[in-house]
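Peer 1: A structural model of the following input is requested.
(chains A and B)
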Amino acid sequence: MSEERKSLNFIEQIIEEDLANGMPKGNLRFRFPPEPNGYLHIGHTKAIGISFGLGEYYNAPVNLRFDDTNPAKEEQEFVDAIKEDIAWLGYTWDKELFSSDYFQQLYDWAVYLIKEGKAYVDSQSSEAMAEQKGTPTQFGVDGPYRNRSIEENLNLFECMKAGEFDGGEHILRAKIDMQHTNMLMRDPIMYRVLKKHHHRTANDWCIYPMYDWTHGESDYIEQISHSLCSLEFKPHRELYDWFLDQVVDAGKLRPKQREFARLNLSYTIMSKRKLLKLVEDGIVNGWDDPRMPTISGLRRRGYTPNSIRKFVETVGVAKRDNIIDVSLLEFCIREDLNKTAPRVMAVLDPVKLVITNYPEDKVEWLDAENNQEDESAGYRKVPFSSELYIEKEDFKEEASAKFFRLKLGGEVRLKNAYIIKAESVLKDVNGNIEEIHCTYSEDTSRRVKGTLHWVSIEQAVKAEVREYDRLFSDETPDSHQDKSFMEFINPNSLKTIEAFVEPSLKDAKIGDRFQFQRLGYFNVDDDSTLEHLVFNKTVGLRDTWAKVKPKQNTNQNQQKQPQQNNRSAIEQIKSYGKKYDRLPEDKQADAKVDIQELAQKVSYDEVEPLFNTSVKKSGTRIITMITLGVLLKNGLEKNDAITEFIAKALDDKNVLLVAEAAAIS
RNA sequence: UGGCCUAUGGUGUAACUGGUAACACGUUUGUUUUUGGUGCAAAAGAGUAUAGGUUCGAGACCUAUUGGGCCAACCA
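Peer 2: Now for the predicted structure:
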């Protein structure tokens, strides 16, 4: 076997190149720099996965650095939550650091820049400054304070630090170029006055550095080799480099910023601000609501760290905008849970079933396999008696042969138990089925088509089950310029069900994950108590039956499927065109016969548009020629378009095309 | 009257210096099965945004277009 080399993503390629160019492997160092102003979500997981993943791959340290330069928005609560989430995902950071650790160093460097004439204090209103800044298509102009003396700047900046000014009076700006094509280079702000309590430095500072001034310098202080962030920071790179130029020591490592496309998930939103609105408006019950795309929400919903890491890995890293289908996330959690989750039986929508030939007082404790995917999972006992619950959905008085659940006169297997036959039903005055009467047979070796899950009524435990649907009805709720994402909120995203579960679940603990057989994966919610069990539905099983069922699921989203049957003759011919000239000779001959047959059903109007097919697509032009040949043979008159098409083909480089054209010209 | 990024099946990511487009999800079919799950097998689906060019040969190279995204917070 040849060695299989996994293809590298563009960031890995950059690193490999740096290594090849002589960077010692020991210099590799990464960081994940969240702002502690909210909870982490699935989008952050990508950034986490990239940096920490690189750290694991190269055995390099990864710092966790809280970017806490804006005391107005940041809180200790978020620091704690972020640490919990990253640790839960299974990553370990080298050092826990804070941008605020560098406030003094940043200040000293700022003073140095002032002395070098590279920074100045501006004393205008923010409106005036915005005015002078220009627009992307219009140059900026220099402001009136741009050429203050170094002494004055030094003095003013010191006064800013000493708290002698209020916010808005003065700011410190880098002196770069008001005519720069990159807006960020038009004398960006380095410091502003903010008389706010900081979660770590308390009231030590009343001036705070801006992101751009802080980030690159922090990377430099920590000697981060590759500073990875999302694409919207691409324009910041130029400034990142400019700030680095001012302070970098030739002997030390100079960090590199590189950008990747961030992750978007269909049917949800990723913006912290919008997520906050869902929380504040009470659309969801907090940041860890199981419907939220936050890490804490997914955790509570029953997702495993492994499944999320697998997801991020599968999604890949590139630079183009993307929307990943939730079905991929769901696949990842199913794949993980299928191997690990113990199987149990629970009935969510019960109907009573009575086994008339089973002794009324008898209870049998039958063996049930915990997980057929895992030999070591063992068995448990489940009680069986004459009165059971099954799902309403699993019984119909009459049904087609495609319905292989229980119907009158039909047989079905009860999972882990016996084969039963439905004999009759008992209905209330409205005609609703109250009881299904069956007989059972102890011969379980027979083959029957269907197998149902069930619980014995007497021993069943009541439990609350929370079923979730997607939060938004639109695939990209926040990408409509004319509509707010709030308009797409799905009002039925939470359904609370009173269910019956098998007694073995009585002592399930918070966080435990199960497969309710035939239904899906569920975990025990944080709200669960000994007296009142609460389960979350993590994700359903793949359900091919649901697709067969006529309408049933009303909010089933319509998916466009490629029509493969009933394709028109011309469509079938066209699909030959895509590969015709690449087919081996014998198959090509077969294809030609087939095309000629199909061509009988094709009209000239369908063929003419194909005359414009580009030269490159010779296959399509060949099949068009063959089809045209049939039409001509059937009496079609040559017109100018046809003559021109044939003439052009006779001139082509492709010999097959020339041959076909020659045959009919 | 801008700068930067980007374009490959329905989705996402591949394709080392040019050799005829791969993998995963999704879809469909068959098969296995005491879960309409899982497993196994297979199929459909892309001439790589467009138009030209170079070349025996282009998704990769060249030219010109077009679509999409980002950039004007004392946010990060």
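
Peer 1: Pick out the residue of the stretch 351-500 of chain A closest to RNA strand B.
Peer 2: Using Cβ to the nearest atom of the strand, the single residue of the stretch 351-500 of chain A nearest to RNA strand B is A:Thr451, 3.6 Å away. From N, CA and C alone the C-beta is placed, and that goes for glycine too.

Peer 1: before we move on, what about chain A?
Peer 2: Closest point on chain A to RNA strand B, by Cβ to the nearest atom of the strand, is A:Gly619, at 1.9 Å.

Peer 1: For the stretch 201-350 of chain A, list the residues in contact with RNA strand B, please.
Peer 2: Contact residues, the stretch 201-350 of chain A versus RNA strand B (Cβ under 7 Å from any atom of the strand): A:208, A:210-211, A:215, A:231-236, A:261, A:314-325, A:327-328, A:331, A:334-335, A:338, A:343.

Peer 1: Which members of the residues you listed are positioned in strands?
Peer 2: In strands, defined here by DSSP state E, the members of those are A:Tyr208, A:Arg343.

Peer 1: And the residues of the stretch 201-350 of chain A next to RNA strand B, which of them are buried?
Peer 2: A:208, A:210-211, A:215, A:233, A:236, A:261, A:315, A:317, A:324, A:331, A:334, A:343 (16 or more other Cβ atoms under 10 Å).

Peer 1: Could you tell me which of those residues belong to helices?
Peer 2: With DSSP state H as the criterion, helices contain A:Tyr211, A:His215, A:His236, A:Val315, A:Phe331, A:Arg334 from among these.

Peer 1: and A:Ile623, that's in a strand?
Peer 2: No. Going by DSSP: H, G, I helix; E, B strand; the rest coil, the assignment for A:Ile623 is helix, not a strand.

Peer 1: Give me the number of neighbouring residues for the residue nearest to it when sequence neighbours are not counted.
Peer 2: Nearest residue to A:Ile623, sequence neighbours excluded (Cβ to Cβ, 6 or more residues apart in numbering): A:Gly577, at 4.0 Å. Residues lying near A:Gly577 (other Cβ atoms under 10 Å) number 22.

Peer 1: sorry, back to before: identify the residues contacting the residue of chain A closest to RNA strand B.
Peer 2: By Cβ atoms under 8 Å, 6 or more residues apart in numbering, A:Gly619 lies in contact with A:Tyr576, A:Gly577, A:Lys578, A:Lys579, A:Tyr580, A:Asp581, A:Arg582.

Peer 1: and those as JSON lines, adding secondary structure?
Peer 2: Compiled in JSON lines, the contacts of A:Gly619 are given as follows (three-state DSSP):
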{"residue": "A:Tyr576", "secondary structure": "helix"}
{"residue": "A:Gly577", "secondary structure": "helix"}
{"residue": "A:Lys578", "secondary structure": "coil"}
{"residue": "A:Lys579", "secondary structure": "coil"}
{"residue": "A:Tyr580", "secondary structure": "helix"}
{"residue": "A:Asp581", "secondary structure": "helix"}
{"residue": "A:Arg582", "secondary structure": "helix"}
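
Peer 1: which of those residues lies closest to A:Phe645?
Peer 2: Ranked by distance to A:Phe645 (Cβ to Cβ), the contacts of A:Gly619 are led by A:Gly577 at 14.4 Å.

Peer 1: right, and A:Leu471 touches A:Ser493 too?
Peer 2: Yes. Contact status for A:Leu471 versus A:Ser493: in contact at 5.1 Å, counting by Cβ atoms under 8 Å.

Peer 1: neighbour-wise, which of these two wins?
Peer 2: Neighbours per residue (other Cβ under 10 Å) separate A:Leu471 from A:Ser493, with A:Leu471 holding more: 22 against 18.

Peer 1: So for that one, what's the pLDDT?
Peer 2: A:Leu471 carries a pLDDT value of 96.

Peer 1: For it, give me its contacts.
Peer 2: When contacts are taken as Cβ under 8 Å, 6+ apart, A:Leu471 is in contact with A:Tyr267, A:Thr268, A:Leu278, A:Ile283, A:Val284, A:Arg291, A:Met292, A:Ile489, A:Asn490, A:Ser493.

Peer 1: rerun at 6 Å
Peer 2: A:Arg291, A:Asn490, A:Ser493 (Cβ atoms under 6 Å, 6 or more residues apart in numbering).

Peer 1: hang on, the first one in a strand?
Peer 2: What that stands for is A:Arg291. No. A:Arg291 is assigned coil when assessed by three-state DSSP, not a strand.

Peer 1: Tell me if I'm right that A:Val455 and A:Phe500 touch.
Peer 2: Yes. Here A:Val455 reaches A:Phe500: they are 5.0 Å apart, a contact under Cβ atoms under 6 Å.

Peer 1: which neighbours do these two share?
Peer 2: Shared contacts of A:Val455 and A:Phe500 (Cβ under 6 Å, 6+ apart): A:Val347, A:Tyr389.

Peer 1: Let's see the distance spanning stretch A:406-416 from one end to the other.
Peer 2: Separation of the first and last residues of stretch A:406-416 by Cα to Cα, to the nearest Å is 16 Å.

Peer 1: Mind checking if that stretch is in reach of RNA strand B?
Peer 2: Yes. Applying Cβ under 7 Å from any atom of the strand, one finds stretch A:406-416 touching RNA strand B at A:Arg413, A:Lys415, A:Asn416.

Peer 1: residues touching A:Asp85, list them.
Peer 2: A:Leu40, A:Ile295.

Peer 1: repeat for A:Ala417
Peer 2: A:Leu366, A:Phe384 are the contacts of A:Ala417 under Cβ under 6 Å, 6+ apart.

Peer 1: let's go with 8 Å and repeat that
Peer 2: With Cβ under 8 Å, 6+ apart, A:Ala417 has these contacts: A:Leu366, A:Val382, A:Phe384, A:Thr444, A:Trp454.

Peer 1: returning to that earlier point: joint contacts of A:Leu471 and A:Ser493?
Peer 2: A:Arg291.

Peer 1: Which of the three states applies to the residue of chain A closest to RNA strand B?
Peer 2: On the three-state scheme (three-state DSSP), A:Gly619 is labelled helix.

Peer 1: How much space separates the residue nearest to it when sequence neighbours are not counted from A:Glu467?
Peer 2: Computed as Cβ to Cβ, 6+ apart, the closest residue to A:Gly619 that is not its neighbour in sequence is A:Tyr580, at 4.1 Å. A:Tyr580 is 51 Å from A:Glu467, where distance means Cβ to Cβ, to the nearest Å.

Peer 1: Compare neighbour counts for the two and give me the winner.
Peer 2: Legend: neighbour count by other Cβ under 10 Å for A:Tyr580 and A:Glu467, higher for A:Tyr580 (23 against 19).

Peer 1: The more buried one reaches A:Lys587, doesn't it?
Peer 2: No. Counting by Cβ under 8 Å, A:Lys587 is not a contact partner of A:Tyr580; they are 9.5 Å apart.

Peer 1: about what we covered before: may I see the ChimeraX selection of the buried members of the contacts of A:Gly619?
Peer 2: The ChimeraX selection below is limited to those of these classed as buried (16+ other Cβ under 10 Å):
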select /A:576,577,580,581
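
Peer 1: What residues are bridge-paired with the spatially most central residue of chain A?
Peer 2: Geometric centre of chain A, nearest residue: A:Leu265, 3.8 Å, by Cα atoms, centre = their mean. For A:Leu265, the beta-bridge partners under DSSP bridges are A:Ile324.

Peer 1: Next up, the contacts around it.
Peer 2: A:Ile42, A:Gly43, A:Pro293, A:Ile323, A:Ile324, A:Val326, A:Leu329.

Peer 1: quick check, nearest of those residues to A:Asp94?
Peer 2: A:Gly43 (23.4 Å).

Peer 1: so where does the closest one fall, helix or strand?
Peer 2: Following DSSP states H and E, one finds A:Gly43 within helix A:42-58.
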